[in-house]
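S.K.: kindly return the folded structure for what I paste below:
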Amino acid sequence: MRFILCGIIALFSLNSYAAECSGSVPDDFSKVGETRLSVYFWDVYDATLYSRSGEYKQEERQALLLEYLRDIKAKDLIETTEEEWQKLGLNSDKHEQWLERLESIWPDIKEGDCLLLVEKKDGTAAFYQSDRLLGEIDDKDFTEQFLAIWLSENSRFESERNELIGEK
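M.R.: Numbers count the residues shown, from 1 in each chain. Take a look at the predicted model:
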């Protein structure tokens, strides 16, 4: 009986995390797709892509929600962002500036935390943790290159990308 009760409490806790994390997704956005990123046998995060139409269209505003399943230092997130840009062959003389800006706004992540990128009407990016604005990067190129990590046809996580954009 105690095991069943613990399981029910755990399910409600997960649902409250999900509700808290998605609270900053604009009301006029709908879910496109979702996936779980696992590296070897470690679950890293659950990702959900949103757009205004509920479909993936590159020219449409998007929001990407990452719900973390493990602790990760902000420094490691930033290094991974840089590595993924390199693997995708994305070059910009602004990378260092963008990475420094991420250093100033991203916190260390604890299991259950989330980060949300919302593409603003002008194409720039706003980052939230739960319903708290962490900061913005006022550069359309940043938004495009950051989302490319997950959405590019050349993403190294092809099946996860396909799930995110609703192609399963």
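
S.K.: assign a three-state SS to the residue nearest to K31 when sequence neighbours are not counted, would you?
M.R.: Sequence neighbours aside, Y50 is the residue nearest to K31 in space, at 5.7 Å (criterion: C-beta to C-beta, 6 or more residues apart in numbering). Heads up, the C-betas are built off the backbone N, CA and C, glycines and all. Of the three states, Y50 takes strand under DSSP: H, G, I helix; E, B strand; the rest coil.

S.K.: hey, what's Y50 bridged with?
M.R.: Per DSSP bridges, the residues bridged to Y50 are K31, A63.

S.K.: list the buried ones in the helix or strand hosting W98?
M.R.: Under the criterion of DSSP states H and E, W98 resides in helix 95-105. Applying a neighbour-count criterion of 16 or more other C-beta atoms under 10 Å, one finds H95, W98, R101, L102, I105 buried in helix 95-105.

S.K.: quick check: E82 vs G89, distance?
M.R.: 13 Å (C-beta to C-beta, to the nearest Å).

S.K.: again, but for E158
M.R.: 16 Å.

S.K.: same check, this time on E167
M.R.: Plainly put, E167 is 23 Å away from G89 if you go by C-beta to C-beta.

S.K.: same check, this time on S104
M.R.: Taking C-beta to C-beta as the measure, S104 falls 27 Å from G89.

S.K.: equivalent analysis for G112, please.
M.R.: Distance of G112 to G89, given as C-beta to C-beta: 34 Å.
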